[in-house]
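J.: Sequence first, predicted coordinates after that:
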Number of protein chains: 2
Amino acid sequence: MKPLPHPKADEIELVSVLSALGHPLRLRAVRVLADADECICGEIVPEVPKSTMTTHWRVLRESGVTWERPEGRKIALRLRREDLDARFPGLLDSVLADPSA
Amino acid sequence: MKPLPHPKADEIELVSVLSALGHPLRLRAVRVLADADECICGEIVPEVPKSTMTTHWRVLRESGVTWERPEGRKIALRLRREDLDARFPGLLDSVLADPSA
């Protein structure tokens, strides 16, 4: 499996992060990831078909919201909390504090 | 001109706000509005064609990010800062604090 492209921390753009978070399934996935260290992608929103989530995982990764790494034949995901907190202080906290979604 | 629909403060949804902010032109417009009390829509990002911005103004209004009111034959826009700060404490501050875009 070829390495998955991720932006460096200082390449993460606010507008891309907001756009990535601005989707119900992606926001839900980020909430799950925020409560975990690392998750296997199929276990994050298990009732949603893999084919639906594939694009969403890519959006989250390419925007700099998540790290992905191969775990056998699956993908493990992790929230880039430290990078996001450093780049946009308070953003993730305010998003995760909202009880909706 | 018929009244423009706006969500009530307690109807504003986080995911809609994030999606509305997650576009370069809309984010730029919000930065301009954050520094003003009220703006005539054509003066906010004056170099962008009106036809381009029409959809963006609607997205911002329908998500609860802005108030719009008719001002003669034009539209005046205002950021719903108090509503957004009450619903999602710290969100707008963290977005506006970012120097990019």
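T.: Received it, and whenever you're ready, just let me know what you need. Residues are numbered from 1 along each chain as shown, chains lettered A, B, ... in the order given.
J.: Angles on the backbone of the residue nearest the centre of chain A, please.
T.: Per Cα atoms, centre = their mean, the C-alpha nearest to the average position across chain A is that of A:T66, at 3.7 Å. With angles defined as degrees, to the nearest 10, A:T66 sits at phi -130, psi 150.
J.: same deal with the one 5 residues further on?
T.: Reported as degrees, to the nearest 10, the phi and psi values for A:E71 are phi -130, psi 90.
J.: Run through the bridge partners of it.
T.: Taking DSSP bridges, one finds A:K74 as the beta-bridge partners of A:E71.
J.: Is it in contact with A:G42, as I believe?
T.: No: applying Cβ atoms under 8 Å as the test, A:E71 and A:G42 come out as separate, 10.7 Å apart. (C-beta placed from N, C-alpha, C; glycine too.)
J.: returning to what we had before: quick check: phi and psi on the residue nearest to the residue nearest to the centre of chain A when sequence neighbours are not counted?
T.: Nearest non-adjacent residue to A:T66, counting by Cβ to Cβ, 6 or more residues apart in numbering or on different chains: A:L60, 4.3 Å away. Taking degrees, to the nearest 10, you get phi -60, psi -40 for the backbone angles of A:L60.
J.: Now do the contacts for A:L60.
T.: Shown in contact with A:L60 (Cβ atoms under 8 Å, 6 or more residues apart in numbering or on different chains): A:20, A:26, A:29-30, A:66, A:77.
J.: mind checking pLDDT for it?
T.: Note on A:L60: pLDDT of 98.
J.: how near is it to A:A76?
T.: 13 Å (Cβ to Cβ, to the nearest Å).
J.: Close to chain B: what parts of chain A are there?
T.: Contact residues (Cβ under 8 Å from any Cβ of the partner chain) of chain A with chain B: A:13-24, A:27, A:87-91, A:93-95, A:97-98, A:100-101.
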